[in-house]
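Q: Need coordinates for the following:
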Amino acid sequence: MRTLSVFQGASEEELLRFLRREAPRLSTLRRVLVQPAGSSLLDVNRLSLDFPGIGYGHPLLVPLLREVGASFDPESAMTPPPNDTQTRDFIISARYPWAHDRIA
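A: Next comes the predicted model:
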């Protein structure tokens, strides 16, 4: 996994600006890894954008997951899973399905 950029902001507005500026540098987005120390947004080539400090219980976690199109339950996303690593993997669903522009 190679990091392209690291988020340094503190507000939701800064988070959204960062994502809209940096996400186009990645290929197709695949998943968000959430850990107690922070989160990482990964593409198909395992390039990442890192979000240190945005882990379980952080108020910016839900806006991050929503903005990238992750499939998640907002209530359970805020609590760590009961496994040893406390890592949760959120899959990013297709944002633009095939032939979406051909539907009348």
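Q: Residue 30 against residue 47, yeah?
A: No - Residue 30 lies out of contact with residue 47 (C-beta atoms under 8 Å); the separation is 10.2 Å. The way it works is simple: take the backbone N, C-alpha and C, and place the C-beta from them, glycine included.
Q: The helix or strand of the chain with the lowest mean pLDDT: which residues count as buried?
A: One helix or strand of the chain scores below all others by mean pLDDT, DSSP states H and E: helix 74-77, with a mean of 90. Within helix 74-77, the residues that qualify as buried are residue 77, counting by 16 or more other C-beta atoms under 10 Å.
Q: Send me the longest helix anywhere in the chain as CSV with only the CA atoms.
A: For the chain, the longest helix by residue count, based on DSSP state H, is helix 12-22. Output of helix 12-22 as CSV, limited to C-alpha atoms (Å, rounded to 0.1, in the frame of the first residue of the first chain):
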residue,chain,number,x,y,z
GLU,A,12,-16.2,18.4,7.5
GLU,A,13,-15.8,21.2,4.9
GLU,A,14,-12.0,20.6,4.8
LEU,A,15,-12.6,16.8,4.5
LEU,A,16,-14.9,17.2,1.5
ARG,A,17,-12.5,19.6,-0.2
PHE,A,18,-9.6,17.2,0.3
LEU,A,19,-11.6,14.3,-1.0
ARG,A,20,-12.8,16.1,-4.1
ARG,A,21,-9.3,17.4,-4.8
GLU,A,22,-7.3,14.2,-4.1
